[in-house]
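[1] attaching a predicted model along with its sequence, questions to come.
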Amino acid sequence: MLECLPRASTVVRASSSGQSVGESTRVFFVLLPLFVLLCVRGSVSGGVSLGAHLVCARVAGLTDKQRAMCRSSPAAIAAVGDGLRMAYAECREQLSGYRWNCSGVGDGNDFGHVMPLATREAAFTYAITSAGVTHALSTACARGDLPACHCNSNRRRMTGPSEQFQWGGCGEAAYGMRFARRFLDSRELEADARSLMNLHNNRVGRKIVKDLVRRECKCHGVSGSCALRTCWRALPPFRTVAAALRDRYHRAKLVTVHPPPATHAPHSHLVIRRSRHNAGIGRQPRKSELVYLEPSPSYCEPDPVSGSLGTHGRHCNRTSRGENGCETLCCGRGYNTIRTVEETKCRCQFHWCCRVTCDKCISRTETHVCK
């Protein structure tokens, strides 16, 4: 079982040449939940905690808090892995037509990797990761899969002038938010600007899940009269959460640290960066706003330092004026049009007895590929 875990040195060697050892360790922290998931699944299903203890002892680079959580809550760590996979799959879905489309994120040994630059893409990655982990933990809690998560089974009857209902079920995101915060936030060990940015975007991801929790009800009564309703708080579909984060990705705020690091102030916080023509200290970002520290590269050409794979060979939409349009996606390089002709059988008819006749249909398609 231990062989499925990579050594910390392997992760460090795999990091970009421009990254520091601290950044490589940060990569390993984010990779950890998937590796733990793959190894701990067997111990969770078998009801044996020894495997989890061995795995957690083997993994290098964990904080003491993460190691303790890994040992004590193997089922929750498995849910963390589920949330990460769900988050990055949805990341690719939401940004499929963009220049940066999450390509390479979550693939192979790079699963859960942190983007080296503190851009709005990094902000989106952290937020959707935090949201995915929160959502998966809350779902596992509601299913009763997490021994440490106890749902409140006491039903409270609520009455009002126009309705009468009682609370039931277990769909709140409270446990998921707490565990996700403790586990993911604890890897931000340095009180620098990037850590402040990561922590803020982590909070945004958790907040979106909480804000989108909705009330669902079921009627009870004679002949469906709905004299009494049982209601519960239901988690939103994760696609809804991801779409909300994509909207915030477009409106993300460029921030800076205040007071500046050179002042050696004991406590710093993020403020929105003002333009040169607008002097003064900017406001603090809202709890629902994604934040980033540096502008994004164009992502037009491959660049390992910025995490860009480029857009060469990407399919584009010739008629679209949006992100997936050939003019934008191909960065002005132009595109090639590939025409295909396919002949298929169509309008088939059965004749008694016993033969089938079909017409031949020809379909022509055009595919546009960035140069």
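    Structure's in. What do you need?

[2] low pLDDT regions in the stretch 1-150 of the chain?
    Low-confidence segments of the stretch 1-150 of the chain, defined by pLDDT under 70, are located at 1-52, 59-62, 107-114.

[3] 80 instead?
    Residues of the stretch 1-150 of the chain meeting the criterion pLDDT under 80: 1-64, 66-67, 104-115, 150.

[4] ok, now the stretch 251-371 of the chain?
    260-267, 275-281.

[5] what are the ranges of the helices in it?
    With DSSP state H, counting those that start in this stretch applied, the stretch 251-371 of the chain shows helices at 326-329, listed in chain order.

[6] tell me where the stretch 101-250 of the chain has helices.
    Using DSSP H, counting those that start in this stretch, the helices of the stretch 101-250 of the chain run over 120-143, 174-185, 193-211, 238-250.

[7] highest average neighbour count across those helices?
    Among the helices of the stretch 101-250 of the chain, helix 120-143 has the highest mean neighbour count (mean count of other CB atoms under 10 Å), at a mean of 27. To be clear about C-beta, it is placed using only N, CA and C from the backbone, and glycine gets the same treatment.

[8] using JSON lines, lay out the helices of the stretch 101-250 of the chain together with distance to residue 85.
    Formatted as JSON lines, the entries for these read as follows, by distance: least, CB to CB, whole Å:
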{"stretch": "helix 120-143", "distance to residue 85": "8"}
{"stretch": "helix 174-185", "distance to residue 85": "15"}
{"stretch": "helix 193-211", "distance to residue 85": "15"}
{"stretch": "helix 238-250", "distance to residue 85": "11"}
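
[9] go through those and name the closest to residue 220.
    Closest of the helices of the stretch 101-250 of the chain to residue 220 is helix 120-143, at 21.0 Å (criterion: CB to CB).

[10] helix 193-211 and the closest one, what's the angle between them?
    For the pair helix 120-143 and helix 193-211, the angle between their directions (axes from the mean of the first three to the mean of the last three CA atoms, to 10 degrees) equals 40 degrees.

[11] if we can go back for a sec, out of the helices of the stretch 101-250 of the chain, which is closest to residue 265?
    Sorting the helices of the stretch 101-250 of the chain by CB to CB, the top spot, which is the nearest, belongs to helix 193-211 at 12.8 Å.

[12] does anything pack onto that closest one? Which helices or strands?
    Using 3 or more CB pairs under 8 Å, 6 or more residues apart in numbering; DSSP states H and E as the contact test, the elements touching helix 193-211 are helix 120-143, helix 174-185, helix 238-250, strand 253-258, strand 269-272, strand 291-292.

[13] for the first one, what is the distance to the chain centroid?
    It stands for helix 120-143. For helix 120-143, the separation from the chain centroid amounts to 5 Å (computed by CA atoms, centre = their mean, to the nearest Å).

[14] show me what it is packed against.
    Contacting helix 120-143 under the criterion 3+ CB pairs under 8 Å, 6+ apart are the following elements: helix 74-94, helix 174-185, helix 193-211, helix 238-250, strand 291-292.

[15] cool, the fourth one as well?
    For strand 253-258, the packing partners by 3+ CB pairs under 8 Å, 6+ apart come out as helix 193-211, strand 269-272, strand 291-292.

[16] give the rounded mean pLDDT of the longest one.
    If I follow you right, that is helix 193-211. Helix 193-211 shows a mean pLDDT of 94.

[17] may I have that helix as CSV, with CA atoms only?
    Output for helix 193-211, consisting of C-alpha atoms alone and laid out as CSV, is shown next (Å, rounded to 0.1, in the frame of the first residue of the first chain):
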residue,chain,number,x,y,z
ALA,A,193,1.1,37.8,0.4
ARG,A,194,0.6,34.5,-1.5
SER,A,195,-0.6,32.8,1.7
LEU,A,196,-3.0,35.6,2.4
MET,A,197,-4.3,35.4,-1.1
ASN,A,198,-4.7,31.6,-0.9
LEU,A,199,-6.5,31.8,2.4
HIS,A,200,-8.9,34.4,1.1
ASN,A,201,-9.8,32.4,-2.0
ASN,A,202,-10.2,29.3,0.1
ARG,A,203,-12.8,31.1,2.1
VAL,A,204,-14.6,32.3,-1.0
GLY,A,205,-14.9,28.7,-2.2
ARG,A,206,-16.4,27.6,1.1
LYS,A,207,-18.7,30.6,1.3
ILE,A,208,-20.2,29.9,-2.2
VAL,A,209,-21.2,26.4,-1.1
LYS,A,210,-22.8,27.7,2.1
ASP,A,211,-24.6,30.6,0.3
